[in-house]
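**Q** What follows is a predicted structure for the sequence shown.
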Amino acid sequence: MIIEATDLRKSFGTLEVLKGIDFTADKGEVVAITGASGAGKTTLLEILGTLSSPDSGSLKIDGTDVLSLSGNALTSFRGRRIGFVFQFHHLLPEFSSEENVMIPALIAGKGTREARQTAHELLERVGLKDRLGHKPSQLSGGEQQRVAIARALVNSPAVLFADEPTGNLDSRTKEEIHSLFFDLRASLDQTIVIVTHDPQLAALCDRALVMKDGQFEPSGAL
């Protein structure tokens, strides 16, 4: 298992947002988490992605007990083993596509030559080999999201988390990004967990789990 989460619970004040979530994902699996706004999807994704901690429960990612990590150890693990793609791509506007993809690799301690080579390979894989020197303002929304996906993959993460990755794109571009996720799964055996309101994307995934009031619906049971 790439992800093993058991009995995750999280409250904000008196509001119980996660009510004992169990979740697993295998290597190479693409899993969608769906549900209405306020169901707890983003909170769960943040905990699975080590951006937030649960009040209780256990979480292993690629065999590592991530809840036992803190400080620099947690930051290092997140940078090396977890990739994130968000609805808003968060590219650095002053840097080129190549540089945006290289940055996480450089932060992780890779040399410039290795980081650049990996960035080139990934940008070609996502269909942007002719956009290496373009800054975000020179790219379409779909192209910017492709750069963000390449950036998320530059350190060969164990799992790629995507939060509404096509929520800001037109229908045609959405379909292209949907296809890209499954191309990456086929070529890299990449594990991907996607939070989405898009029923078309959820239907393409290996599993689509439905959250309601901080729990998975029985129909979406593991």
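**A** That came in fine, so what should we check first?
**Q** Then residue 174 would be within a strand, right?
**A** No: if the criterion is DSSP: H, G, I helix; E, B strand; the rest coil, then residue 174 is helix and not within a strand.
**Q** So in terms of bridging, what pairs with the residue nearest the centre of the chain?
**A** Among the residues of the chain, the one closest to the centroid is residue 161, at 1.6 Å (C-alpha atoms, centre = their mean). Beta bridges link residue 161 to residue 84, residue 193, judged by DSSP bridges.
**Q** other SSEs contacting the worst-scoring helix or strand of the chain on mean pLDDT?
**A** Using mean pLDDT, DSSP states H and E, the weakest-scoring helix or strand in the chain turns out to be helix 171-188, at a mean of 83. With contacts taken as 3 or more C-beta pairs under 8 Å, 6 or more residues apart in numbering; DSSP states H and E, helix 171-188 sits against strand 30-34, helix 112-125, helix 141-153, strand 191-195, helix 199-204. (Glycine included, C-beta is placed from N, CA and C.)
**Q** quick one: which of these is nearest residue 49?
**A** Proximity to residue 49 (C-beta to C-beta) singles out strand 191-195 among the helices and strands packed on helix 171-188, at 8.5 Å.
**Q** low pLDDT regions in this protein?
**A** Residue ranges of the chain with pLDDT under 70: 168-169, 219-222.
**Q** and if we set it to 50?
**A** Across the chain, the ranges flagged by pLDDT under 50 are 220-222.
**Q** now residue 190: how far from residue 29?
**A** Separation of residue 190 from residue 29 (C-beta to C-beta, to the nearest Å): 9 Å.
**Q** So between those two, which is more surrounded?
**A** Taking neighbours as other C-beta atoms under 10 Å, residue 190 and residue 29 compare with residue 190 leading, 24 against 20.
**Q** For burial, what's the neighbour tally of the residue lying closest to the more buried one once chain neighbours are set aside?
**A** Spatially, and ignoring its direct neighbours in sequence, residue 190 is nearest to residue 184 (4.9 Å; C-beta to C-beta, 6 or more residues apart in numbering). Other residues near residue 184 come to 21 when the count uses other C-beta under 10 Å.
**Q** Between the helices and strands packed on helix 171-188, which one is closest to residue 42.
**A** Relative to residue 42, the nearest member of the helices and strands packed on helix 171-188 by C-beta to C-beta is strand 191-195, separated by 6.3 Å.
**Q** wait, isn't residue 146 in contact with residue 127?
**A** Yes: between residue 146 and residue 127 there is a contact under C-beta atoms under 8 Å: 6.4 Å.
**Q** Common neighbours of those two, please.
**A** residue 180 (C-beta atoms under 8 Å, 6 or more residues apart in numbering).
**Q** More neighbours: which of those two?
**A** A side-by-side neighbour count of residue 146 and residue 127, using other C-beta under 10 Å, places residue 146 first with 26 against 15.
**Q** Relative to residue 180, how far out is the spatially closest residue to that one that is not a sequence neighbour?
**A** Nearest residue to residue 146 in three dimensions, chain neighbours excluded: residue 126, at 4.3 Å (C-beta to C-beta, 6+ apart). Distance of residue 126 to residue 180, given as C-beta to C-beta: 6 Å.
**Q** And residue 12, by the same measure?
**A** Plainly put, residue 12 is 34 Å away from residue 180 if you go by C-beta to C-beta.
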